[in-house]
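J.: coords please:
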Amino acid sequence: MSGRLISVEGGEGAGKSSVMAAIRAAIESRNVEVVQTREPGGTAVGEAIRALLLDPAHTIAAPAELLLMFAARAQLVRELVQPALARGAWVLSDRFSDASFAYQGGGRGIDSALVAELERGFVGIKPDLTFLLDVDVRQGHARLAGRGGVRDRIEREREDFFERVRQIYLQRAAAEPARFRVIDAGAEQAAVVTAVTAALDAAIAAWT
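T.: As a prediction, the model looks like this:
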């Protein structure tokens with residue numbers, strides 16, 4: 001099969017890590033190369049930008065945050081994603097451009113048309129399949145609290161910020177049902193993984 005780009009999206013505490021592991025295992029079981037990455041990050045340049053963006057010591061203006069996100073993404077696409085897809089590998093990304101529509105668009109209030117223009121100009125590709133792990137904001141934050149540790153700059157935002165993020169994610173999923181699979185991430189982890197792998201199996205069957 002040709003290369004595919006699969007992204008996993010969701011708010012804080014949605015449980016992306018366990019879902020990413022399940023997706024990777026399911027794809028590799030078909031003897032397909034998987035390149036796993038994350039946003040922002042995935043390259044040396046991207047990881048340096050990630051450290052800057054998530055450091056609670058910094059106060060970053062919303063436009064600067066948006067541009068830094070796209071700088072990391074542009075580097076990721078050119079250095080990692082495009083070469084992997086060209087050789088037939090599948091790329092599994094913890095977030096992609098939808099995150100900027102949700103976090104910088106919905107959360108920060110930046111015009112979605114500007115986000116879309118940056119996506120067209122500097123990314124140029126969309127995932128073939130996007131899993132949206134949807135969870136109630138308070139439940140997600142309770143999970144974060146249960147993990148302990150220091151919250152990063154974005155995790156420290158107010159609840160209303162994450163409500164806006166969630167609503168934009170759901171709006172995008174409703175607008176592109178062929179690409180998105182919305183998963184109830186408030187369920188038990190085993191049920192979430194089962195739902196994701198079933199949806200992945202159906203998508204692969206349709207592609208082949």
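
J.: which residues are in contact with the residue nearest to Ile110 when sequence neighbours are not counted?
T.: In space, and not counting its chain neighbours, Ile110 is closest to Gln104: 5.0 Å by Cβ to Cβ, 6 or more residues apart in numbering. Heads up, the C-betas are built off the backbone N, CA and C, glycines and all. By Cβ atoms under 8 Å, 6 or more residues apart in numbering, the contact list for Gln104 reads Ala62, Glu65, Leu66, Met69, Ile110, Val115.

J.: are any of those buried, and which?
T.: Glu65, Leu66, Met69, Ile110, Val115 (16 or more other Cβ atoms under 10 Å).

J.: of those, which is the nearest to Leu5?
T.: Lowest distance from Leu5 to the buried ones among the contacts of Gln104 (Cβ to Cβ) belongs to Met69, with 17.4 Å.

J.: quick check: the closest one is in a helix.
T.: Yes: counting by DSSP: H, G, I helix; E, B strand; the rest coil, Met69 is part of a helix.

J.: which parts of stretch 99-119 are buried?
T.: Within stretch 99-119, the residues scored as buried using 16+ other Cβ under 10 Å are 99-108, 110, 112, 115, 118-119.

J.: so which of those residues are in helices?
T.: Using DSSP state H, the subset of the buried residues of stretch 99-119 located in helices is Ala99, Ser100, Ser112, Val115, Leu118, Glu119.

J.: where does Met1 land on pLDDT?
T.: Per-residue confidence (pLDDT) for Met1: 63.

J.: swap that for Glu12, sorry
T.: So, for Glu12, pLDDT stands at 89.

J.: got the phi and psi for it?
T.: phi -70, psi 140 (degrees, to the nearest 10).
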